[in-house]
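Undergrad: Here is a sequence with its predicted model. Questions after.
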Amino acid sequence: MKWIIDDIRRALAQLTRWQFWLVVSLLGVFAGLGWLISRYAFRTDNILSYLHLTQGACRTMTNGPIIAMFSCMIFFLLTALLTLGEVQRHIEARRRAAWREMRRSLIWACVWGVSALAIGVGALLFFKHNCY
């Protein structure tokens, strides 16, 4: 029974580490951006518009923009996962004092993070332009 209490203490101790809050904030940013994009994406759905279940009016999209947006969302998810992986690699390299690997992983985390944000904000602007 003591091992359960020890596990809970170790889990609560993680709440004081900056690494935990960094990863939670990254997840929050990516999830929030995905939620905003999905709100606009559901407005463009023809079936939901026909059933009058959407709030706004959006222009109907042809197959080209739909396929492009679907592909962009896949790349958004992949780059968000790559960002989280590079942050994890950076934290692990920092713990081992591998300075060169730590610097390289920080650079790649920034590159993938900016790419994910650019894809997400681009999709959000595209949907905002299409819906009114």
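TA: Structure received.

Undergrad: Please name the nearest non-neighbouring residue to the residue most central in space within the chain.
TA: Centroid-nearest residue in the chain, with CA atoms, centre = their mean: Phe30, separated by 2.5 Å. Nearest residue to Phe30, sequence neighbours excluded (CB to CB, 6 or more residues apart in numbering): Ala80, at 4.4 Å. Where you see a C-beta, it was placed from the backbone N, CA and C, and this is true even at glycine.

Undergrad: What count of nearby residues applies to that neighbour?
TA: The local packing of Ala80 (other CB atoms under 10 Å) involves 24 other residues.

Undergrad: surely it meets Ala116?
TA: Yes: at 4.6 Å, Ala80 counts as touching Ala116 under the criterion of CB atoms under 8 Å.

Undergrad: So for those two, which residues contact both of them?
TA: Here Ala80 and Ala116 have Phe30 as joint contacts, going by CB atoms under 8 Å, 6 or more residues apart in numbering.

Undergrad: Any stretches of this structure with poor pLDDT?
TA: 45-58, 132 (pLDDT under 70).

Undergrad: Which positions within the helix or strand hosting Val121 qualify as buried?
TA: Using DSSP states H and E, Val121 falls within helix 99-130. Across helix 99-130, burial judged by 16 or more other CB atoms under 10 Å covers 102, 105-106, 108-109, 112-113, 115-117, 119-120, 123-124, 126-127, 130.

Undergrad: Distance check, Ala80 against Glu86.
TA: 11 Å (CB to CB, to the nearest Å).

Undergrad: swap in Thr79?
TA: Counting by CB to CB, the gap from Thr79 to Glu86 is 10 Å.
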